[in-house]
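# quick one, what's the 3D model for this:
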Amino acid sequence: MARPQAGAGQVLLRVRACGVCRTDLHIVEGELTSLRSPLIPGHQIVGEIVEGATADLPAGTRVGVSWVGGVDGTCPYCRRGVENLCDSITFTGYAVDGGYAEYAVARADFVFPLPPSLDDLHAAPLLCAGIIGFRSLRVAGVEPGDSVGLFGFGSSASLTIAVLQAWNCKVYVSTRGESHRRLAESLGATWVGSDEEEPPVELDRAVTFAPSGDVVVAALSSLRKGGVVAINAIHLDRMPQFDYDRLLWGERQIRSVANMTRADARDFLELAGKIGIKPRVTTFPLDKANEALAAIKSDSVDGSAVIVP
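Okay, the predicted model is just below:
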């Protein structure tokens, strides 16, 4: 495809790295409705500005681009300060071309200068998996010292655990993959079990990362009264019936996590730079993008996959 051109209010980036997200897989496999074709996927972009520079974003600035590529700023949700629910939201690598490429265009007000402590490869997975995991903790209402369950342990969960540890939380991981369980153990989880095992304590909060309604019910069954499950998934296979009296009564809550705000991105990237989050990364060259997606589908990557042009 031809090299894109930056329009008004946009910057052109030379892509240095692009993280691979399970949402990319949902898009490519048609589980999310197609918005344009052809499409360049990818919404965890690390790039440097080559066109469209401003005083705040001079040429050569290294920036990150995430899933939310723009909002209208005028709808009721934007006016309420919840731009992640914007009625006219734009998604990078879905509504507009993304970062599985040598160059990408982005709105200048939706790029984020990256801390020098985060190199390209380790910054890329933070730009969606990290940010949305961070937002999930906020949606779940996690407080320092809580007992928190992570159900599924892919890229986002493996980054979220570092934030929880910085907040002195106890982390209980339930996941089906043996290699994912080993990764959770190596990252210092308080308890690690299979998807058929229940955490040994009642949880204050839980976040589900697997795109499975059964996993949501499993997380709900582990909550104390008044606890919250946050669903970190843009797509679920289904939502099964469950016993209200046993699982939801007692002011337990199920909340969905929808996108992210720029404030989430800025706050998380600042925290990531301070606490030194360094995800485990497997790299793929751009011409092996399909292999990267297949690895995500089969859960054969521990941590995060990153495409490098």
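# rest of the way, CA atoms for contacts and neighbours
Noted.
# tell me the spacing between residue 107 and residue 186.
Between residue 107 and residue 186 the computed distance is 38 Å (CA to CA, to the nearest Å).
# higher neighbour count, the two?
Relative neighbour count places residue 107 above the other of residue 107 and residue 186, with 17 against 9, counting by other CA atoms under 10 Å.
# for the more buried one, give the beta-bridge partners.
residue 10 (DSSP bridges).
# so what's it up against?
If a contact means CA atoms under 8 Å, 6 or more residues apart in numbering, then residue 107 has 9, 10, 11, 69, 70 as its contacts.
# this protein: helices as residue ranges?
Defined through DSSP state H, the helices belonging to the chain, from first to last, are 22-28, 76-79, 120-123, 129-140, 155-166, 178-186, 213-220, 244-247, 262-275, 289-297.
# among those, which is nearest residue 235?
If you check each of those against residue 235 by CA to CA, helix 22-28 wins as the nearest, at 7.8 Å.
# for that closest one, packing partners?
Here helix 22-28 touches helix 289-297, going by 3 or more CA pairs under 8 Å, 6 or more residues apart in numbering; DSSP states H and E.
# contacts for the helix it packs on next, please.
Outside helix 289-297, the residues touching it (CA under 8 Å, 6+ apart) are 20, 21, 22, 24, 25, 100, 284, 301, 305, 306, 307.
# and stretch 233-245, by the same measure?
Counting by CA under 8 Å, 6+ apart, 23, 26, 31-32, 208-214, 217, 256-258 sit against stretch 233-245.
# residue contacts, the residue nearest to residue 306 when sequence neighbours are not counted?
Across the structure, with CA to CA, 6 or more residues apart in numbering as the measure, the residue nearest residue 306 apart from its sequence neighbours is residue 19 (4.2 Å). Neighbouring residues of residue 19 by CA under 8 Å, 6+ apart: 42, 43, 44, 45, 124, 125, 127, 304, 305, 306, 307.
# picking up where we left off before, closest to residue 146 among the contacts of stretch 233-245?
Closest approach between the contacts of stretch 233-245 and residue 146, by CA to CA: residue 208, at 16.3 Å.
# measure the closest one to residue 275 for me?
24 Å.
# burial count for residue 211?
The local packing count at residue 211 equals 18, with neighbours defined by other CA under 10 Å.
# picking up where we left off before, so which of the contacts of residue 19 are in strands?
Cross-referencing these against strands under DSSP state E gives 44, 45, 304, 305, 306, 307.
# take these and write them to a markdown table, including distance to residue 172, neighbour count and pLDDT.
Formatted as a markdown table, the entries for these read as follows, by distance: CA to CA, whole Å; neighbours: other CA atoms under 10 Å; pLDDT from 0 to 100:
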| residue | distance to residue 172 | neighbour count | pLDDT |
| --- | --- | --- | --- |
| 44 | 27 | 30 | 97 |
| 45 | 30 | 37 | 98 |
| 304 | 20 | 26 | 88 |
| 305 | 24 | 26 | 94 |
| 306 | 27 | 27 | 97 |
| 307 | 30 | 27 | 98 |
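# buried set for stretch 222-235?
By 16 or more other CA atoms under 10 Å, the buried positions in stretch 222-235 come out as 222, 223, 224, 225, 227, 228, 229, 230, 231, 232, 233, 235.
# centre of the chain to it, how far?
Once both centres are worked out by CA atoms, centre = their mean, to the nearest Å, stretch 222-235 turns out to sit 16 Å from its chain's centre.
# sorry, back to before: closest to residue 51 out of the contacts of helix 289-297?
Ranking the contacts of helix 289-297 by separation from residue 51, with CA to CA as the measure, puts residue 100 on top at 18.8 Å.
# buried among the contacts of stretch 233-245? Need that as a selection in PyMOL.
Selecting the buried subset of the contacts of stretch 233-245 in PyMOL, with 16+ other CA under 10 Å as the burial test, is done by:
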select buried, resi 23+26+208+209+210+211+212+213+214+217+256+257+258
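# quick check, nearest of the contacts of stretch 233-245 to residue 119?
Comparing the contacts of stretch 233-245 against residue 119 with CA to CA places residue 23 closest, at 23.3 Å.
# which strand residues bridge residue 113?
On the basis of DSSP bridges, residue 113 is bridged to residue 63.
# how close does it sit to residue 304?
In terms of CA to CA, residue 113 sits 21 Å off from residue 304.
# I'd guessed residue 179 sits against residue 194; true?
No - look at residue 179 against residue 194 with CA atoms under 8 Å: they stay out of range, at 11.0 Å.
# mind listing what residue 179 touches?
Applying CA under 8 Å, 6+ apart as the definition, the contact partners of residue 179 turn out to be residue 302.
# who is the nearest residue to residue 142 once chain neighbours are set aside paired with across the strands?
Of all residues not flanking residue 142 in the chain, residue 205 sits nearest, at 6.4 Å (CA to CA, 6+ apart). The partner list for residue 205 in beta bridges (DSSP bridges) reads residue 148, residue 228.
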